[in-house]
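Visitor: Structure here, sequence nowhere to be found:
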């Protein structure tokens, strides 16, 4: 591949993040980033190019018109970049199941395998596939690659992966997979750069955004994670419940007459911070509120996160480093403080001033555990993966 433009697409359940990169000296260097948030109307393409910020209104009105949205986005990008110079597009795909341990080229076979995993990630996988197809329709022949959120966690042992259900179901794919793998891969690289000998040692990384999970890493290798079979599991999120006694599902269905679809909607879209507070799914709104349900929602959120840190430390057999990342983890000192205060029994002590300014290290010099704040970059991992796929084919 020559030194030309690379695009990355990071599709979530309600947004698409776009990265613009050039290949220089065999590496991907970011030159811009954009986002389309389908939760806000009118739809707007938000683009950042160095110091310049553009907000471009789009005529398409929903992600049901994804092809039209992308066509408008490409048209606007073409006014700023030579899109004929685009050599490849890379995507984040949430679930790779047991099929994929590495990034791959998009082919009919790989696309079919990705589609077969829709039942394992019904909120995200269809959006990933629609985006791949929309790019194919707009730019036929343009090579595309996919990177998988689950791949980073393939290093976990069967002891960690297994549920205590009849063994045959493990062989049928009912196991703990883990997610947010691209984010964790980036953090593992960052820790390696910061601590070349140890890569953070025994580290627990908290990826806290609208989706949230934690990962236990041993020298940058995934050993355990809070999310399991689905993106519901683990700590509470913006609208997802996190871990919940399955008996609740049976009771809602058999005792209260809710349908499976109604329960699924509740757990994915009406729970988490939104359900706990009845006010908002946004932790920033809840932190600013004096309402008791808002405080209770934050208390449950931070309580569960701290508990998960302690559980993951048990998996590792120790704890040297805690890392906060993603939107909440990087930018909300009150959340970090509430979590760290609950971890004081492990020897965690934070510097309040450093925490308040979102410093790179927020622990005190006397803290037994180093606490870091690291900005994640999933699109960089996608771009690097894209180059690795094409380099393997040379």
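Guide: Thanks, I have it. Given the structure is predicted, the values throughout are model-derived calculations rather than measurements.
Visitor: What residue in the protein is the furthest from its centre?
Guide: residue 255 (34.7 Å; C-alpha atoms, centre = their mean).
Visitor: Flag every buried residue along whichever helix in the chain runs longest.
Guide: In the chain, taking DSSP state H as the definition, the longest helix is helix 292-316. Buried residues in helix 292-316, defined by neighbour count with 16 or more other C-beta atoms under 10 Å: 294, 297-298, 300-302, 304-306, 308-309, 312-313, 315-316. The C-beta positions use only the backbone N, C-alpha and C, and glycine is treated the same way.
Visitor: How about stretch 340-354?
Guide: Buried residues in stretch 340-354 (16+ other C-beta under 10 Å): 340, 342, 343, 346, 348, 349, 350, 351, 354.
Visitor: Run through who's touching it.
Guide: 302-303, 306-307, 309-310, 313, 319, 322, 336-337, 355, 359, 361-364, 366-369, 371 (C-beta atoms under 8 Å, 6 or more residues apart in numbering).
Visitor: And the pLDDT at residue 14?
Guide: pLDDT for residue 14: 66.
Visitor: which intervals of this protein have sub-threshold pLDDT?
Guide: 1-3, 12-14, 40-42, 60-67, 80, 83, 394 (pLDDT under 70).
Visitor: ok, 90 please
Guide: Residue ranges of the chain with pLDDT under 90: 1-5, 9-18, 20, 22-27, 30-87, 99, 118-142, 390-394.
Visitor: Need the residue closest to the centroid of it.
Guide: Centre-nearest of the chain using C-alpha atoms, centre = their mean is residue 180, 3.8 Å out.
Visitor: Leaving out the residues flanking it, which one is nearest to that one?
Guide: residue 207 (4.6 Å; C-beta to C-beta, 6 or more residues apart in numbering).
Visitor: coming back round to it: and the next helix or strand past the longest helix of the chain?
Guide: strand 321-325 (DSSP states H and E).
Visitor: so how far is that next one off the chain centroid?
Guide: How far strand 321-325 lies from its chain's middle: 15 Å, per C-alpha atoms, centre = their mean, to the nearest Å.
Visitor: how far off helix 292-316 does that strand point, in degrees?
Guide: 140 degrees (axes from the mean of the first three to the mean of the last three C-alpha atoms, to 10 degrees).
Visitor: Please name every helix or strand in contact with the helix or strand following strand 321-325.
Guide: Going down the chain from strand 321-325, the next helix or strand is helix 326-331, by DSSP H and E. Counting by 3 or more C-beta pairs under 8 Å, 6 or more residues apart in numbering; DSSP states H and E, the packing neighbours recorded for helix 326-331 are strand 202-208, helix 333-342.
Visitor: hey, where'd the strands end up in the stretch 51-200 of the chain?
Guide: According to DSSP state E, counting those that start in this stretch, the stretch 51-200 of the chain carries its strands in the segments 52-57, 86-93, 104-105, 144-148.
Visitor: so the last one versus strand 86-93, what angle?
Guide: Meaning strand 144-148. 30 degrees.
Visitor: just use 197 as the starting number from now, easier for me
Guide: OK, 197 is where the count begins now, so the last one is strand 340-344.
Visitor: Parallel or antiparallel, which strands does strand 340-344 pair with?
Guide: strand 282-289 (parallel), strand 300-301 (antiparallel) (DSSP bridges).
Visitor: hang on, the earlier thing: JSON lines please, covering the buried residues of stretch 536-550 and showing distance to residue 422.
Guide: Output for these, formatted as JSON lines (distance: C-beta to C-beta, whole Å):
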{"residue": "536", "distance to residue 422": "17"}
{"residue": "538", "distance to residue 422": "16"}
{"residue": "539", "distance to residue 422": "15"}
{"residue": "542", "distance to residue 422": "17"}
{"residue": "544", "distance to residue 422": "18"}
{"residue": "545", "distance to residue 422": "24"}
{"residue": "546", "distance to residue 422": "21"}
{"residue": "547", "distance to residue 422": "26"}
{"residue": "550", "distance to residue 422": "26"}
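Visitor: Between the residues you listed, which sits nearest residue 439?
Guide: residue 538 (17.2 Å; C-beta to C-beta).
Visitor: check contacts around the closest residue to residue 524 other than its chain neighbours.
Guide: The shortest distance from residue 524 to any non-neighbouring residue, by C-beta to C-beta, 6+ apart, is to residue 404 (3.9 Å). Residues counted as contacts of residue 404 (C-beta under 8 Å, 6+ apart) are 501, 520, 521, 522, 523, 524, 525, 528, 531.
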